[in-house]
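K.L.:
Attaching a predicted model along with its sequence, questions to come.
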Amino acid sequence: MMQKVVTAATSAAPQIIPTPEPMKVKLALCQLATSTDKETNIATARKAIQEASSSGASLVVLPEMWNCPYSNDSFPSYAEDIDGGSSQSAAALAEAAKQHGITLVGGSIPERSEGKLYNTCLVYSKEGKLLAKHRKVHLFDIDIPGGVTFKESDTLSAGKTGTVVDTDAGRLGIAICYDIRFPELAMMYAQRGAQLIVYPGAFNTTTGPVHWELLQKARAVDNQLFVATCSPARNSEASYQAWGHSTAVDPFGKVLATTEEKPGIVYAELDYAEIEKRRSNMPIMQQKRYDLYALVDKTT
Ligand SMILES: NC(=O)CCC(=O)C(=O)O
């Protein structure tokens, strides 16, 4: 599940963990409408998970911060204690995964733990068991005058580890939104044998049109694996205007499925055999010049 890649010597190639046996997976990206009412948001998520599973999806993904508005004013008041077992959103995710027998990447919610807040993604098995918890590693702190200014670090703390998890829907790398801008994290996940990197994410109407799809294609092509993103739908009344456009990209950089800004579910058929095909057509993993550069995986 959480495999450590050992880099033997600075000039030696890192150990690349092979991807698991290929399989086909029907993916559903639930681009949810979020409101200020947590109960409504949970009900909306449950309904979307049910619809996705009825349509044959075995892997269902929710957006970043799906149970609250995306704002620093909201994170503290909507935050839940996941480890303490009192999280109503986590309980709903576990129950929905079990009820519908799907692997669930539960977007993210604000988590409260030991006096700090995190932007946290929970992954559940089809038995409703918690398989992984990823806390957003790179906080979204940017200032584009006349565009978008946001400082997650005003309320949130950064996670300290990457997350690669084995599920019935393949080996998944989990990262959240702004994490997609850091190619090293995706590369680390590829070295750990991830078949798909899932990024619940809420880009915005300034950076989204220019960078959202570009970054997904870049991470997919750099690492020759699948990439999926899942955004909240745009809410014209919200302080933060989400870009939407939840998307799935294949290892050759082709967009398999996408949407615009409205609520809906995006479906894609993933055939993990495509990873091996692309890697043998174009063996960039073997052609890297580790005598010139190296990526060191420092997390366990
Ligand atoms: N929620 C986020 O991390 C937003 C990231 C974003 O919009 C970007 O441009 O990066």
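P.N.:
Sure thing, it's come through.

K.L.:
so which strand or helix has residue 185?
P.N.:
helix 183-191 (DSSP states H and E).

K.L.:
For that helix, enumerate the helices and strands it packs against.
P.N.:
When contacts are defined as 3 or more CB pairs under 8 Å, 6 or more residues apart in numbering; DSSP states H and E, helix 183-191 packs onto strand 170-174, helix 213-223. Where C-beta positions appear, they are placed from N, C-alpha and C, glycine not excepted.

K.L.:
could the ones you listed be laid out in a markdown table, adding distance to residue 23 and mean neighbour count?
P.N.:
Below are the helices and strands packed on helix 183-191 laid out as a markdown table (distance: least, CB to CB, whole Å; neighbours: other CB atoms under 10 Å):
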| stretch | distance to residue 23 | mean neighbour count |
| --- | --- | --- |
| strand 170-174 | 7 | 26 |
| helix 213-223 | 18 | 20 |
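
K.L.:
Which of the ones you listed sits closest to the ligand?
P.N.:
Nearest of the helices and strands packed on helix 183-191 to the ligand, taken as CB to the nearest ligand atom: helix 213-223 at 8.0 Å.

K.L.:
rewinding a little: run the contact check for the helix holding residue 185 versus the ligand.
P.N.:
No - Helix 183-191 is not in contact with the ligand by CB under 6 Å from any ligand atom; minimum separation 13.1 Å.

K.L.:
With stretch 152-160 instead?
P.N.:
No - against the ligand, stretch 152-160 shows no contacts by CB under 6 Å from any ligand atom, the least distance being 7.0 Å.

K.L.:
What are the buried residues along that stretch?
P.N.:
Residues of stretch 152-160 classed as buried by neighbour count (16 or more other CB atoms under 10 Å): 152, 155, 156, 157, 159.

K.L.:
Now do the contacts for the last one.
P.N.:
Looking back up the chat, that one is residue 159. When contacts are counted by CB atoms under 8 Å, 6 or more residues apart in numbering, residue 159 touches 118, 120, 134, 135, 136, 137.
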